[in-house]
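1. Sequence first, predicted model second:
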Amino acid sequence: FPQLEPVTHGRPPSDMPECGFTGELCQCNWSCFTGAVTILSLIVIGTVAFLTYLVVQSRSLQESMDTTWWKINFEDITLVSTSKEGMHTTVYLYVLSMLNHIVESESLQVPLVNGSYRSSSKQVSGNQSNVHHDVHGTDRVEIPIGIYQMREMLHENLVIFFGVCVELPNVCIVTQYCRKGSLKDVLKTSDFELDWMFKTSFAHDIVNGMIFLHKSPIKSHGNLKPSTCLLDSRLQIKLTGFGIWEFRYGKKGKTLDINKQEDAWALSSKELYWTAPELLRMEDLPVNGTPKGDVFSFAILMRESTPREWPTATRANRVPFPDIIDQVRDGIAVPPLRPLLTERCEPRIQALIRQCWDESADRRPDFSSVSRMLRLASPEGLHMNILDNMVSKLEKYANHLEEVVDDRTAQLESEKKKTDRLLSSLLPGIVVDQLKAGKTVQPEQYELVTIFFCDIVGFTAMSAISTPLEVINLLNDLYNLLDDIIKEYDVYKVETIGDAYMVASGLPVRNGVRHVEEIATMSLHFLSSIMNFRIRHLPQEQLKLRIGINSGPVVAGVVGNTMPRYCLFGDTVNVASRMESTGFPLHIHVSEATTNLLKQIGGYFLVERGTINLKGKGNQLTYWLKGK
C-alpha cells in the first residue's frame, strides 16, 4: 500500500492542487506583479518630484537671499590708518557722501580713506568722493543689474568688487585695495622719473584691463585717468572707477556748464583733461563714456608717462586747464590741440599716441590693436608686469652671473697654471707643491749628485764695449738656447747670476747614478750648440763658454720667505765652481770624482789634464771631457 500523507493541522490533505489541475487558479499572479511595480514606480516618481521641488524652492530662497549679498553694513567698516599692520585682504572703499549740502562738481574727489571691513574673513579699505544725488532716487532695477555686472568683472588688471553700503549718509562702493596708491601719485612726484620698463609694463596692464572691460557687458570705462589706475603690492596696474555709473552719479549723463563760477569750472576742467573731444561736445556727457573715448583717454595717460614736459601745445606758455578743455572741445585749431610729445619719447610710442588721440573717433584703434602696436613698440620682454620683469631680469642676471663665474673660474684656472709654471721655473715642482699646501720645506741631504757651472769667457770686456740693452739681449739669447737644451735632460736649473749658469742633476728628485751621465751629455750638447751661436751686435765674435763639473753630496733647501730660493750647500758646489773657474774656454773641466763615475758608466772620452791646485783643496787630479 502506498504511504499515506499525515494529517496536517488536524485537517485531511487537499483533494486539489494549489493552482488547480490545469493551473487555472494562478493566472492572476502576473497581473498582480505588474500592478505592484506600477504602484512602486509612482511612489518613486512622486518622491523624486517632491525632492526636486524642495531643491528648487531652496535655491529660489537662496537666490532671494543672495540679492542682498552686495549690501554692506557701514558699521562693519572700521576706518584705519594706511600704515596699520595686520591687514589680510584689503579693498578700496569709495565713500559717496550723501549730505544735503554737496559740492556741485560731480567729479570732485577727496583724499583716500582707508578702512577694514570684516566679512568672510576679509578686510577692506577705500577712497572717498562726493556726488550730488540721493541714492534713494535711483532706479531700483538698474542698480542690481549693474552690481551683478560688477561681480563678474574678474581680471588681474581690474579691482575686485565686493559690494556697496547704502546707509545714509555713508554710501560706499567697496572694491579691492591697492597698497601702492594710484598712478597719479607716481606721476605727480616731480623727482621720480620712470624708466621704460615701468612705463611699458603699466601701459600693457592698462590695455589688458581695457580689452577685458570692452568685451564685458559694461562695454567701456568712461573715467580712465591716472587716479583710476591703482598699483598693487606687485606694482601691477588695476583699473577702478568703472561700472554702476547711475549709482555713482544718479543719472546717465553729466551736464557741462561752462558759465558756472570760474573756480568750479577750473576744478571740473582738470577732471575733463582725459575726456575725448566728441564727448566734450555733447550736451549731456555720458558718464559711462565710449570705447573710442577710452582710447583717447589712454593716449593722454600714455603722454603723461613720457619724459616730463608741461602738457600743453607749447613749451614756453603754460595754458590753463579751462582753456585747454575749451580748445579741445571747439576743435578749431589746426592741427587739433594736443599735449606736446618730446623728442625723448620713443618714435613708435609717439606714433601710437597720435593714432589713439586722433580727432576722428573712427580712426582711433581699438584696444586689441593698441595691444599689438604696444608690443611692437616695447623692448622684448617688457610686456609683462613689473614683478615678472624683475624676476626675469634676476633670472637673466643669475644666468649671466653663472656664465661670468664660469668664465672667471676658467680665467682663474688659466692664471693658476701660469703661476704654477712661473713658480716651477723658480723652484722645483715638489717644493712648489709643499709651499702651496702651506707646509714648511725642510732641508734635505743628497748623498750623490752632479753639479754643473759655466760662464762666458771675456764677459767683462765684452760688457764694457756693449750697451746695457745689448748685454741683456746677449744673455737672453744665450739663456734661451741653454734653457731649450736642458729640457731634453733630467736636470734642474738652479740659478743664473750674471753670466754664470748653474745646473744640477740628482735633485730634488733622485735618479740613481744617471745624474752624472745627464750632466756630461748636456755639457757636450752645450759646446756643440755654442759653436753656431752668434752675438747680435758682435756677429764676428765667437762666444766661448767655460764649463766645470763635480759630483758629490750636497744639502738642498729653500731659503727666505719674501723671495724664496732653492739653494745647494756643501763642498761639492765649491769644487764644481773651482772646476769652472780654472778651466779653459770651450772645454769641459771634470773633477776626479766625476771622472770615476763616468768611467764606470763608460762611453765617454776623457783626457787627463793633470794636477792643479784648487783653493782650499790643495792639489787635485782633473780631466777634460772631450766627447761621448
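-> Alright, I've got the coordinates.

2. Okay, residue 477 and residue 398: tell me how far apart.
-> According to Cβ to Cβ, to the nearest Å, residue 477 stands 52 Å off from residue 398. Bear in mind the C-beta positions are built from the backbone N, C-alpha and C, glycine included.

3. So which of these two has more stuff around it?
-> residue 477 (15 against 10; other Cβ atoms under 10 Å).

4. which residues touch that one?
-> Residues in contact with residue 477 (Cβ atoms under 8 Å, 6 or more residues apart in numbering) are 533, 535, 536.

5. For these, which entry has the maximal number of neighbours?
-> Neighbour max across the contacts of residue 477 (other Cβ under 10 Å) = residue 535, 17 neighbours.

6. how near is that one to residue 528?
-> Taking Cβ to Cβ, one finds residue 535 at 18 Å from residue 528.

7. coming back round to it: next, format the contacts of residue 477 as JSON lines and append secondary structure.
-> Listed next are the contacts of residue 477 as JSON lines, based on DSSP: H, G, I helix; E, B strand; the rest coil:
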{"residue": "533", "secondary structure": "coil"}
{"residue": "535", "secondary structure": "coil"}
{"residue": "536", "secondary structure": "coil"}
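
8. what about the longest strand in this protein?
-> strand 545-559 (DSSP state E).

9. and that one, which residues are buried?
-> 545, 546, 547, 548, 549, 550, 551, 552, 554, 556, 557, 558 (16 or more other Cβ atoms under 10 Å).

10. Count the residues that sit near the closest residue to the last one other than its chain neighbours.
-> Nearest residue to residue 558, sequence neighbours excluded (Cβ to Cβ, 6 or more residues apart in numbering): residue 441, at 4.3 Å. Neighbour count of residue 441, defined by other Cβ under 10 Å: 20.

11. from what I can see, residue 441 looks like it's in a strand, true?
-> No. Read with three-state DSSP, residue 441 is coil and lies in no strand.

12. quick one: it and residue 431 touch, right?
-> Yes. Using Cβ atoms under 8 Å, residue 441 makes contact with residue 431 at a distance of 5.4 Å.

13. Can you pull the residues that touch both of the two?
-> residue 558.

14. With distance to residue 455 added, can I get the buried residues of strand 545-559 in a markdown table?
-> Shown next, in a markdown table, are the buried residues of strand 545-559 (distance: Cβ to Cβ, whole Å):
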| residue | distance to residue 455 |
| --- | --- |
| 545 | 7 |
| 546 | 6 |
| 547 | 9 |
| 548 | 9 |
| 549 | 14 |
| 550 | 15 |
| 551 | 20 |
| 552 | 21 |
| 554 | 20 |
| 556 | 22 |
| 557 | 25 |
| 558 | 25 |
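
15. Out of those residues, which is nearest to residue 197?
-> residue 558 (58.5 Å; Cβ to Cβ).

16. Identify the residues contacting the closest one.
-> Contacts of residue 558 (Cβ under 8 Å, 6+ apart): 427, 431, 435, 441, 564, 565, 566, 567.

17. In PyMOL, how would I select the buried members of these?
-> With 16+ other Cβ under 10 Å as the criterion, this PyMOL line picks the buried residues out of the contacts of residue 558:
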select buried, resi 427+431+441+564+566+567
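
18. And residue 370, what's its pLDDT?
-> If you check residue 370, the pLDDT there is 92.

19. neighbours around the closest residue to it other than its chain neighbours, how many?
-> Distances taken as Cβ to Cβ, 6+ apart put residue 207 closest to residue 370, at 5.5 Å, once the chain neighbours are dropped. Other residues lying near residue 207 total 25 when counted by other Cβ under 10 Å.

20. Just the element for residue 610, please.
-> strand 605-614 (DSSP states H and E).

21. What of residue 43?
-> helix 29-66.

22. Can you name the element that comes right after whatever helix or strand residue 175 lives in?
-> Per DSSP H and E: residue 175 is located in strand 170-176. Using DSSP H and E, the helix or strand that directly follows strand 170-176 along the chain is helix 183-187.

23. quick one: which of the contacts of residue 558 is nearest residue 368?
-> Among the contacts of residue 558, and counting by Cβ to Cβ, the member closest to residue 368 is residue 435, at 71.6 Å.

24. Checking my notes, that closest one in a strand, right?
-> No. Residue 435: not assigned to a strand; according to three-state DSSP it is helix.

25. Contacts only, for it.
-> So residue 435 contacts 423, 427, 441, 558, 564 (Cβ under 8 Å, 6+ apart).

26. Let's have those in a markdown table, adding distance to residue 236 and pLDDT.
-> Shown next, in a markdown table, are the contacts of residue 435 (distance: Cβ to Cβ, whole Å; pLDDT from 0 to 100):
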| residue | distance to residue 236 | pLDDT |
| --- | --- | --- |
| 423 | 58 | 78 |
| 427 | 63 | 78 |
| 441 | 65 | 77 |
| 558 | 66 | 85 |
| 564 | 63 | 79 |
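
27. and the two most separated of those?
-> Pairwise over the contacts of residue 435, using Cβ to Cβ, the maximum falls at 423 and 441, 12.5 Å.

28. For stretch 364-383, give me every contacting residue.
-> Here stretch 364-383 has contacts from 196-197, 200-201, 203-204, 207-208, 210-211, 214, 291-292, 294-296, 298, 346, 348-349, 351-352, 355-358, 389, 392, using Cβ under 8 Å, 6+ apart.

29. Just the buried ones from those residues?
-> Here, 16+ other Cβ under 10 Å leaves 197, 200-201, 203-204, 207-208, 210-211, 214, 291-292, 294-296, 298, 346, 349, 352, 355-358, 389 buried among the contacts of stretch 364-383.

30. Point out the ones among those that are inside helices.
-> Secondary structure from DSSP state H places 197, 200-201, 203-204, 207-208, 210-211, 214, 291-292, 294-296, 298, 349, 352, 355-356, 389 of the buried ones among the contacts of stretch 364-383 in helices.

31. how far away is residue 248 from residue 494?
-> 97 Å.

32. and what of residue 579?
-> Taken as Cβ to Cβ, the span from residue 579 to residue 494 is 16 Å.

33. how about the most centrally placed residue in the chain, secondary structure?
-> The residue lying closest to the centre of the chain (Cα atoms, centre = their mean) is residue 394, at 1.3 Å. Classification of residue 394 using three-state DSSP returns helix.

34. Show residues contacting the strand or helix carrying residue 301.
-> Using DSSP H and E, residue 301 sits in helix 291-304. The contact list for helix 291-304 (Cβ under 8 Å, 6+ apart) reads 183, 187, 203, 206-207, 210, 214, 219-222, 224-226, 229, 273-279, 289, 311, 339, 341, 349, 352-354, 356-357, 361-362, 364-367, 370.
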